[in-house]
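**Student:** Kindly return the folded structure for what I paste below:
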Amino acid sequence: MPDLTLIIPALLAFCACASAAAAILPTSAREQSLWPNTDVKGRIFAIPSLAALERDSDLVLRFRQAGLRDRDHVRLYLVLRFALPVMAVAAGLAFVLILPGQDRSVVWLATFLLFLAAIGYVLPSIYIRQRAAQRKEAIRREWPDVLDLMLLSVEAGMGLDAVLDVVSKRIVSSAPFVAEELEITLAELNYLSDRKLALSNLAARVDLPAVSLVVTALIQAERYGTSIGTTLRNTTRDQRVSRLADAERKAAALPPQLTIPMVLFFLPVLFAVIFTPGIILYLMDT
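**Tutor:** Residues are numbered from 1 along each chain as shown. Okay, the predicted model is just below:
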């Protein structure tokens, strides 16, 4: 008779994998013939709770900040948040039951399984946050050069839409993340009735003070009819001064930070080099 303690975890893991596959794999021809008006993912996410999570504005914004704009990415994220805890618990239960001669208490087993479930639940969120942070840091490094290029384009007589179009094409290889954001902003400027909303969406997606300052300046220039060139020139100058001040502040903070490493690593070696010859001579004389 098969061992049920091994079959149950396997069934749980299989169900979790099947749910994830149903959410992300394309619909087959047979499924389309059986469900002509909907697809597998649509049926799964027709559940009210999942549909509400999928439309969560904060969740969608986090995905946009991470550069994930496909709707299937949100669906996969939601499925993994439900499937990974089940798979982790199943794997942990199978691991515990397979070990021979292990007499574990119920409290220990429950704590271990809850720990695995918690790890499986937070892993997708950790991945999204890490991806968003890496993308944000890349944009922060790329933004000053892009802003200078935008200023040169404006001073050449281009309008805002033309500037975004030209700059996004020029920097697609050197600053791909900024190029992608500028392309999206240009599309929203063309299709949205409120240009302020399109620019505000750029600041929300990037979530950087430097970008927010430029967006605020552009919105004010659009509202009051001031020169975009003057606005970008002043903003570029202010951000250049701010970057210089940040560099000076970091340089001033280096000496206190280097004190402990020097005491721990440099001075002992220096003392060893100074005193070792004398110690050797003393030992040889004695």
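
**Student:** which element follows the longest helix along the chain toward the C-terminus?
**Tutor:** The single longest helix within the chain, with elements called by DSSP state H, is helix 106-155. Sequence-wise, the next helix or strand downstream of helix 106-155 (DSSP states H and E) is helix 160-170.

**Student:** Output the contacting helices and strands for the longest helix of the chain.
**Tutor:** helix 57-65, helix 71-98, helix 160-170, helix 176-191, helix 209-224, helix 228-252 (3 or more CB pairs under 8 Å, 6 or more residues apart in numbering; DSSP states H and E). All C-beta atoms are positioned from the backbone trio N, CA, C, and that covers glycine.

**Student:** List the buried residues in the longest one.
**Tutor:** Taking 16 or more other CB atoms under 10 Å as the basis for neighbour counts, the residues of helix 71-98 that come out buried are 73-81, 83-94, 96-97.

**Student:** avg pLDDT for stretch 87-106?
**Tutor:** Averaged across stretch 87-106, pLDDT comes to 78.

**Student:** go on, stretch 133-148?
**Tutor:** When pLDDT is averaged along stretch 133-148, the result is 90.

**Student:** Likewise for stretch 194-210?
**Tutor:** Here stretch 194-210 scores 90 as its mean pLDDT.

**Student:** what's next to that stretch, contact-wise?
**Tutor:** Residues external to stretch 194-210 that are found in contact with it (CB atoms under 8 Å, 6 or more residues apart in numbering): 61, 64-65, 136, 139-140, 143-144, 147, 181, 184-185, 188-189, 192, 211-212, 215-216, 218-219, 222-223, 239, 242.

**Student:** which of the residues in that stretch are buried?
**Tutor:** Neighbour-count burial for stretch 194-210 flags 195, 198-203, 205-206, 208, 210 (criterion: 16+ other CB under 10 Å).

**Student:** Closest one of those to Leu152?
**Tutor:** Sorting the buried residues of stretch 194-210 by distance to Leu152 puts Ala210 at the head of the list, at 17.8 Å, by CB to CB.

**Student:** how close does that closest one sit to Pro255?
**Tutor:** Distance of Ala210 to Pro255, given as CB to CB, to the nearest Å: 28 Å.

**Student:** residues in contact with stretch 112-123?
**Tutor:** 80-81, 84-89, 91-93, 96.

**Student:** show me the contacts for Lys136.
**Tutor:** 65, 206-208.

**Student:** sorry, that was for Leu160
**Tutor:** Neighbouring residues of Leu160 by CB under 8 Å, 6+ apart: 154, 189, 218, 222, 228.

**Student:** give me the number of residues near the nearest residue to the first one once chain neighbours are set aside?
**Tutor:** Using CB to CB, 6 or more residues apart in numbering and skipping residues adjacent in sequence, the residue nearest Val154 is Gly229, 4.4 Å away. By other CB atoms under 10 Å, the residues close to Gly229 number 19.
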